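> Let me see the structure of the following:
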Amino acid sequence: MLMVDLIVLMDHENVETIFEIKGDNIFIQNDVFIEAGLIENMAQTCSSIIAKDFFIDENNQDKDDVDVVGFISGIKTLKIHALPKSGSTISTKAVLVSKFITDDYSLCTMNCKTFHNEELLLEGEINLFIQDKNPKR
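Residues are numbered from 1 along each chain as shown. Got it, this is the predicted structure:
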């Protein structure tokens, strides 16, 4: 399930996304967006900054037939301060801490914070692994 509606800002080290939490989201329980949903939103936001290299070439042209898989390889720190309600719109901001990139996969560490309006919901640091499922096309 896609957990990012809009990428507001993205450069080589920063990304900011917006996500509207709808009532039919799989991470809604008792009208509240649960912890796993916040973590998934964080992971998808963070992965966009590194995964973009799999989708766009050095001339900023879209690559064809991209098949990428990614997952959280570790949660270094995580603090959840509050859980938003269904219908809320959250903003997630992430900063690249480190990366290791090969032709076939990428590893990165990202710092992330998620907000509802000005309220801090989540802060943490995660490691991501992203791999091209069809390397050396």
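> Pull out the buried residues from the helix or strand of the chain with the lowest mean pLDDT.
Of all helical and strand segments in the chain, the minimum by mean pLDDT, DSSP states H and E falls on helix 35-55, at a mean of 86. Applying a neighbour-count criterion of 16 or more other C-beta atoms under 10 Å, the buried positions in helix 35-55 are 37-51, 53-54. In this view, the C-beta of every residue, glycine as well, is placed from N, C-alpha and C.
> Same question for stretch 14-29.
Neighbour-count burial for stretch 14-29 [16+ other C-beta under 10 Å]: 15, 16, 17, 19, 21, 25, 27, 28.
> Run through who's touching it.
1, 3-10, 31, 33-34, 36-37, 40-41, 44-46, 48-49, 84-96 (C-beta atoms under 8 Å, 6 or more residues apart in numbering).
> Give me the buried subset of the residues you listed.
By 16+ other C-beta under 10 Å, the contacts of stretch 14-29 give 3-4, 33, 37, 40-41, 44-46, 48-49, 84, 86, 88, 90-96 as buried.
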